[in-house]
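J.: Make a model of this:
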Amino acid sequence: MKAVWNDVVIAESDDTVVVDNNHYFPRAALRMEHFQPSDTTSVCGWKGTARYFHVTAGDATNRDAAWYYPDPKDAAREIEGRVAFWKGVEVVE
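T.: Coordinates of the predicted model:
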């Protein structure tokens, strides 16, 4: 699977985990030059507290377009150390 934004591959892996129709990529699959930490957080009742990354490609920034759960609840342990995408980031085979 590939995560693509602004015509740039920002993550690629054969090992994604699908939860709630989102592909969670291993953190090691991210091309970290395209990611900047965000101060944004959100809470999911069964997964825990999410943290976000801004995604950059070319001259554009997509704020809070990637998220992860640094310490997921037990029900979501399979996504620990993994990152998912939204806000126009395409996940394709």
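
J.: Output the below-cut-off pLDDT ranges for the chain.
T.: Applying pLDDT under 70 to the chain flags no residue at all.

J.: Can you get me the start-to-end distance on stretch 20-34?
T.: 24 Å (Cα to Cα, to the nearest Å).

J.: ok now stretch 31-45, how far from the chain's centre?
T.: What separates the centre of stretch 31-45 from the centre of its chain is 8 Å, taken as Cα atoms, centre = their mean, to the nearest Å.

J.: any chance you could map the helices in the protein?
T.: For the chain, applying DSSP state H gives no helices.

J.: Look up how far V8 lies from the residue of the chain most remote from its centre.
T.: Distance from the C-alpha centroid of the chain peaks at D59, with 20.1 Å (Cα atoms, centre = their mean). Applying Cβ to Cβ, to the nearest Å, the value for D59 to V8 is 11 Å. Every residue, glycine included, has its C-beta placed from N, CA and C.

J.: Next: A57.
T.: 4 Å.

J.: Settle it for me: which of those two has more neighbours?
T.: For the pair A57 and V8, the greater number of neighbours falls to A57 (18 against 14), based on other Cβ atoms under 10 Å.

J.: hang on, isn't that one packed against W5?
T.: Yes. Using Cβ atoms under 8 Å, A57 is in contact with W5, at 5.3 Å.
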